[in-house]
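[1] Pasting a predicted model and its sequence here:
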Amino acid sequence: LIYQIIHLGSSGQFLQASTGSNMHRVAGRTLIRARAVGIRGLTSDGYLHKTTIPTMHFQKSLPKMPLPKLEDTLRRYLDSASAVISPAAFEETKKVVAAFGISVGPQLHGQLSTLRDTVYKDSSYISEMWYDKYLVDRTPLPINVNAFLTWNQDPHPLKNDQAARAASLITASAAFHRTLRDGHLKPDIFHTKPKLSEHPLFAPVVRCIPPQLSWFAGYAVGAYALDMFQYDRLFQSTRVPNTGKDELVTFPDSRHIVVQHGPDFFKFDIVTADGGAVPQAQIEANIRAILATPTSTADPVGILTSMDRNEWASARKHLIALSPGNAEALAAVDSAVFVASLEPSSPEGLVEDSRCTLHGTGRDRWFDKSFQLVVAKNGRSAINFEHSWGDGAAVLRYFDEVYTCANGLPLLPPAESPAALPSSTLEPLVFSIDSQLSSTIAKALTRFDAHVEAAQFSMIETDSISGKLLRQHKIGGDGTMQMAFQLAHYQMYGHSASTYESKSHAGFKHGRTETIRSATPLSDKMCATFCDPTASKADRAAMLREAVDNHARISYEALLGQGWDRHLFALRTLAERSGNSDDLPEIFTDSAYTTLSDIVLSTSTLVHPALHAGGFGPPGPNTYGLMYTLTPEMARCGIASYRDSPGFTDHLDKAFTQFRDVLGG
């Protein structure tokens, strides 16, 4: 084993081998395997578990994100462009791309290659630029940026009482935080050969291998360690608004959370002074005390976090200047391990759940925090998370572990001694508001309500398409879902549209995501075939299979860091930094780039046994936000837009039915 590690590490053969059969089996799967949700208790000292392999053991040896060849990126870019622009426009784009490829393109690519090997030698070439992309964006966070995941209810009905549910999730969250903090959290690993990598000897052996070589040890037995850099901002973290560019700030010494109840804020510790866990009973007593406190008529300061980022930065400065107490209260919110909201409504159904968690009324939310726990009156629970700091891998792990842990916590008697009374650390946070800030809050409420009113949400669940059916017909599940989105849009609007599907780059050090461009010449041809009344059933089935197979190919390329979006984004960023942003290379001002940058179908998939619902809002005025799930029994998709969500839902339902019919389902 040691020989293989050293041999692969020194020769670089692991990079070549990683494009072979083992990595091929990773393509199309969720990177973090979702295990069956069960019930698991805590260790005697309050941890989720204690790992044999240190949490960050693989970080130093993770593979570096590759930089595609410029000619490959330009070829892939043209392939995507040809599907969404007219033939005449495409001819012009080919000339623009050819000129870029022999002029400024190689220069920018050379600069990026040098930066990758010097400035970014311990990171990825995209990481810093991607953070900046989010942090300079002045768009309000709710609906536009933040996303959400909603848990299934606790299997024990009595534990879905609002106070009990909040307490169990907070207790489990504190356990996750302490497990991560103290290095006991098991590393994220994708196992392709579990008989080898989950053998009892694997962890003890890998633990003894130096961190600089540890990734190769896992690779040798089909265990692909994933990047965990984003975990540093999961807890004790917030996005602070500044004029022009926000800042991500962490507070590693904080021990408290902040709970919002209506417009009111409360603070209490979930970690003891010596780093231990505050008992579940004490946390529940605090929550019950907060719920028993009548909500005030104070201005809802939390709504300020829904504003344009420059406006919020200005309002925040004014809020701090009003009184030292405001600065202290704001510091308590910023530094909290996380923020929780005790939602007064009882949402029922997937659409109500989605709206409640994605935006709510805005009066009892703090959208800047890395994540906010939301617990409704009926026990429906979820997290709303800010997107700039991470892409979901850490959030999904938290989502999984906390749900399993909370399920295993006991249902407490209403007045269990000795913690029947709230703790001494429970205290209200009070903001002083003047007339200027009160007016700002009123305007923010009006804008927020109008924004929420404009957003349309719908949901489709169908058994016309299912994982079982697609496996029977030997056709890819994710590709079929993506082709259904293409067909729905084509039948609704008469043409293909720029499409974004996120592919995780957690397999690379400090990787973020790559875009799968699902609208391709083959998908466009497939849509035209389905819309041709003279096309036979066999013709339609053949085109569907060809388009799905092609989608699997480009998904695989994206997984291996061979997409075109991040590469061109980095080249454009370098061009902007080195000159006049109004005088960019023509490839970045050409109609094709403009069209491809205006995402119409923004899609993401998630399958998890603890998941009740999940999603995000439409990122732009012309965008459909599509969060979809394919299970063995059915397909589900949440549709969010400012255009016509119900209309798209109807066309998507039709597309699913058409696919079932041509496949012979």
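    Received, thanks. Keep in mind that this is a model prediction, so the values were computed, not measured.
[2] Could I get the contacting residues of Pro252?
    Residues in contact with Pro252 (C-beta atoms under 8 Å, 6 or more residues apart in numbering) are Gln236. In this view, the C-beta of every residue, glycine as well, is placed from N, C-alpha and C.
[3] May I have the phi/psi pair for it?
    phi -60, psi -20 (degrees, to the nearest 10).
[4] pLDDT value on it, please?
    Predicted confidence (pLDDT) at Pro252: the value is 97.
[5] Same question for Ile5.
    Predicted confidence (pLDDT) for Ile5: 32.
[6] next one: Ala36
    44.
[7] change the start of the numbering to 10 and stick with it
    Got it, first residue is 10 now, which makes that one Ala45.
[8] And Pro655, how close does it get to Gln291?
    47 Å (C-beta to C-beta, to the nearest Å).
[9] Among the two, which residue is more densely surrounded?
    Gln291 (24 against 12; other C-beta atoms under 10 Å).
[10] chain center to stretch 614-626: distance?
    Distance of stretch 614-626 from the chain centroid (C-alpha atoms, centre = their mean, to the nearest Å) equals 10 Å.
[11] in it, what counts as buried?
    614-615, 617, 619-626 (16 or more other C-beta atoms under 10 Å).
[12] hmm, which two among those are most spread apart?
    Ala619 and Gly626 (22.3 Å; C-beta to C-beta).
[13] show me what contacts the residue nearest in space to the middle of the chain?
    Centroid-nearest residue in the chain: Gly401, 3.3 Å away (criterion: C-alpha atoms, centre = their mean). By C-beta under 8 Å, 6+ apart, the contact set of Gly401 is 156, 513.
[14] if we can go back for a sec, now pLDDT too, for the buried residues of stretch 614-626, in JSON lines please.
    Formatted as JSON lines, the buried residues of stretch 614-626 follow (pLDDT from 0 to 100):
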{"residue": "Thr614", "pLDDT": "91"}
{"residue": "Leu615", "pLDDT": "84"}
{"residue": "His617", "pLDDT": "85"}
{"residue": "Ala619", "pLDDT": "89"}
{"residue": "Leu620", "pLDDT": "89"}
{"residue": "His621", "pLDDT": "90"}
{"residue": "Ala622", "pLDDT": "86"}
{"residue": "Gly623", "pLDDT": "90"}
{"residue": "Gly624", "pLDDT": "90"}
{"residue": "Phe625", "pLDDT": "93"}
{"residue": "Gly626", "pLDDT": "94"}
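[15] Reformat those residues as CSV; add secondary structure.
    Shown next, in CSV, are those (DSSP: H, G, I helix; E, B strand; the rest coil):
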residue, secondary structure
Thr614, strand
Leu615, coil
His617, coil
Ala619, coil
Leu620, strand
His621, strand
Ala622, strand
Gly623, strand
Gly624, strand
Phe625, strand
Gly626, coil
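[16] quick one: which of the residues you listed is nearest Arg187?
    Ala619 (20.8 Å).
[17] Next, give phi and psi for the residue of the chain lying at maximal distance from its centre.
    The centre of the chain is farthest from one residue, Thr543, which by C-alpha atoms, centre = their mean lies 42.3 Å away. Main-chain dihedrals, Thr543, degrees, to the nearest 10: phi -90, psi -10.
[18] roughly how far apart are it and Val268?
    63 Å.
[19] Same question for Ala226.
    From Ala226 to Val268 the distance is 44 Å (C-beta to C-beta).
[20] ok, now Gly417?
    23 Å.
[21] What of Leu71?
    From Leu71 to Val268 the distance is 37 Å (C-beta to C-beta).
[22] what element comes up after the host helix or strand of Ala324 heading to the C-terminus?
    Using DSSP states H and E, Ala324 maps to helix 318-331. Downstream of helix 318-331, the next assigned helix or strand under DSSP H and E is helix 333-344.
[23] out of the buried residues of stretch 614-626, who's nearest Ala515?
    Among these, and counting by C-beta to C-beta, the member closest to Ala515 is Leu615, at 14.2 Å.
[24] So the closest one is in contact with Thr638, correct?
    Yes: between Leu615 and Thr638 there is a contact under C-beta atoms under 8 Å: 6.4 Å.
[25] what's the closest non-adjacent residue to Asp163?
    Asn169 (5.4 Å; C-beta to C-beta, 6 or more residues apart in numbering).
[26] give me phi/psi at the one you found?
    According to degrees, to the nearest 10, Asn169 has phi -90, psi 10.
[27] Count the neighbours of it for me.
    18.
[28] tell me the contacts of it?
    Contacts of Asn169 by C-beta under 8 Å, 6+ apart are 162-163, 387-388.
[29] likewise His66?
    Applying C-beta under 8 Å, 6+ apart, we find His66 in contact with 196, 215-216, 220, 223, 234.
[30] Any regions of the stretch 60-209 of the chain where pLDDT drops low?
    For the stretch 60-209 of the chain, not a single residue meets the criterion pLDDT under 70.
[31] The residue nearest to Ala584 when sequence neighbours are not counted: how many residues sit nearby?
    Take Ala584 and drop its neighbours on the chain: the residue closest to it by C-beta to C-beta, 6+ apart is Leu593, 5.4 Å away. Leu593 is flanked by 15 other residues according to other C-beta under 10 Å.
[32] sorry, back to before: would you turn the buried residues of stretch 614-626 into CSV with distance to Pro309?
    Shown next, in CSV, are the buried residues of stretch 614-626 (distance: C-beta to C-beta, whole Å):
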residue, distance to Pro309
Thr614, 35
Leu615, 31
His617, 32
Ala619, 31
Leu620, 30
His621, 27
Ala622, 25
Gly623, 26
Gly624, 24
Phe625, 23
Gly626, 20
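[33] Go through those and name the one nearest Gly284.
    Among those, and counting by C-beta to C-beta, the member closest to Gly284 is Ala619, at 27.9 Å.
[34] show me the contacts for the closest one.
    46, 160-161, 408-409, 412-413.
[35] What distance do you get for it to Ala172?
    Taking C-beta to C-beta, one finds Ala619 at 21 Å from Ala172.
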